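J.: Sequence plus predicted model, see below.
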Amino acid sequence: MPMKPLPKTDTRQAPEPGSSEGLADWVLDVRLIPDDAYRVIFDAAATGIAILDLDGRFLKVNGECCRILGYDERELPGMSMQSISPGDACQSDRHVFQELLAGRIAQFRQERQAVRKDARLVWIQLDVSLIHSADGEPSYFVCQLRDNTERARTEHALHESEERFRTLATHAPFGVFETSPDGRCTFVNRHWKELTGQPLEEALEFGWSKVVHPDDRGELLRAWGEAVREERGLTCEFRCLRPDGRNAWVFCQVNPMRNEAGEITTYLGNLVDVTYRKETEAELRRLNAQLEALATTDALTGLQNRRATFDQLATLAAAAERYHEPLSCLMIDIDHFKNVNDTFGHAAGDMVLREVAGVIRREARRSDLCGRFGGEEFLVLCPRTDLAEAHAAAERIRQSIASCRLPVDDEEIAVTVSIGVACCRFPECESHGLVAAADKQLYEAKRSGRNCTRSADRP
């Protein structure tokens, strides 16, 4: 219905058309029913504006107010504020109007829901002010309505997402933690506490690094510092030292969380117990080492077997050829070994083989490679060793064996060996030729009466 304008009490410039900033304050200060100029601003405002009488009924609404509530501008005038309020808000609305009329509050602001014409609920920010006439008497209410439905929906979705994440994180079958760049935790889940033995209070005070084994802590903190400086994530494995003294191996992944501006606000990480995997890997390494030893070691003497010896010979020969260094070979055979087996039995023969192998290992240098060639024959490969040095080494071995007295049954027996020595300088010869040359010199030593050493260069 048409209304007469109230007297002006302020003549400040009105806001620009289409702007809602300061519009409510201007309405309060102008204190008039809109004239043509004001109606343009009123109708074009991006904020919903409604003028209500002192009983809370709509007198005038703008287009944005109608859009928010879903009514035509001719439908709202005469309707009460309670008609757009959910049932639980009606009593609150009446109380607010009473408080404003009593002067106990000057303005009122609330985030609330409103009922549209189609019965859908929308979220609005409602601001209500009481306008007084020139003589100070209450005149009417001015309401501003801002449509916050999308924001509320987004916030609700975000809240639900956070709740889902927290539920998942809390009950995840692996450790989950949130930490600041300085390593202090702001959240740890139940599995974290079970895995590390560190409660949230301690994690907040000391940070996650306290649970790291002292032997791993320095390297891990260095890697963490680099990740923070480079603003990237970190993937690592380390031992976790539990309060009960047990060590647990964990796989850890930490990734930075960024805000809308791209700034890192926190780090989110997870811990997975990989103790069983680590123990299994260690056991596999041990078993593989045993298998490798079985595949390369002679079970009786502990020296390398024939296959492993020839594999090493190929490696040493390649190195000698590359660096133009001499490589020597000692072929050792126990004299009259068949007589030992025939006279004292195979157990005594095995003992003799072990004792001779022990002497060869003790007399050889660290860089030499000792192997059982087969039967009662042994091979010693001497890298970076010329013929004279190899011959001297062979004599030390021969004399040490000859000086031994081996207890067999109730008597001691003496054992001697014959040794053939050969040396070659690559590329003038090849590895198998070197062994053949040493074997030829061994034959010469046996022809010379045994218990001696014979040597010759391999041309």
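T.: That came through fine. Numbering: from 1, shown residues only.

J.: Where does Pro407 fall, secondary structure wise?
T.: Assigned by DSSP states H and E, Pro407 belongs to strand 405-408.

J.: swap in Phe141?
T.: strand 138-147.

J.: cool, and Glu111?
T.: Counting by DSSP H and E, the element that carries Glu111 is strand 107-115.

J.: ditto for Gln198
T.: Per DSSP H and E, there is no helix or strand for Gln198.

J.: Please list all residues in contact with Lys210.
T.: Residues in contact with Lys210 (C-beta atoms under 8 Å, 6 or more residues apart in numbering) are Gln198, Glu202. Just so you know, the C-beta spots here come from the backbone N, C-alpha and C atoms, and that holds for glycine as well.

J.: and the helix or strand following the strand holding Glu111, average pLDDT?
T.: Toward the C-terminus, strand 107-115 is succeeded by strand 121-132 as the next helix or strand (DSSP H and E). Across strand 121-132, the average pLDDT comes to 92.

J.: Stretch 99-117 too?
T.: 90.

J.: Doesn't Val250 lie inside a helix?
T.: No. Counting by DSSP: H, G, I helix; E, B strand; the rest coil, Val250 is not found in a helix; it is strand.

J.: List the contacts of it.
T.: Gly175, Leu195, Glu237, Phe238, Arg239, Cys240, Leu271, Val272, Asp273, Val274, Thr275.

J.: Drop anything exposed from these.
T.: Buried members of those, counted by 16 or more other C-beta atoms under 10 Å: Gly175, Leu195, Phe238, Arg239, Cys240, Leu271, Val272, Asp273, Val274.

J.: For those residues, give me JSON lines that also has secondary structure and pLDDT.
T.: What follows is the buried ones among the contacts of Val250, written out as JSON lines (DSSP: H, G, I helix; E, B strand; the rest coil; pLDDT from 0 to 100):
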{"residue": "Gly175", "secondary structure": "strand", "pLDDT": "86"}
{"residue": "Leu195", "secondary structure": "helix", "pLDDT": "84"}
{"residue": "Phe238", "secondary structure": "strand", "pLDDT": "92"}
{"residue": "Arg239", "secondary structure": "strand", "pLDDT": "92"}
{"residue": "Cys240", "secondary structure": "strand", "pLDDT": "88"}
{"residue": "Leu271", "secondary structure": "strand", "pLDDT": "90"}
{"residue": "Val272", "secondary structure": "strand", "pLDDT": "91"}
{"residue": "Asp273", "secondary structure": "strand", "pLDDT": "91"}
{"residue": "Val274", "secondary structure": "coil", "pLDDT": "93"}
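
J.: that older thread, helices or strands next to the strand holding Glu111 in the packing?
T.: On a contact count with 3 or more C-beta pairs under 8 Å, 6 or more residues apart in numbering; DSSP states H and E, strand 107-115 meets helix 87-101, strand 121-132.

J.: beta partners of Ser124?
T.: For residue 124 the amino acid is Ile, not Ser. Beta-bridge pairing of Ile124 under DSSP bridges involves Arg112, Asp147.
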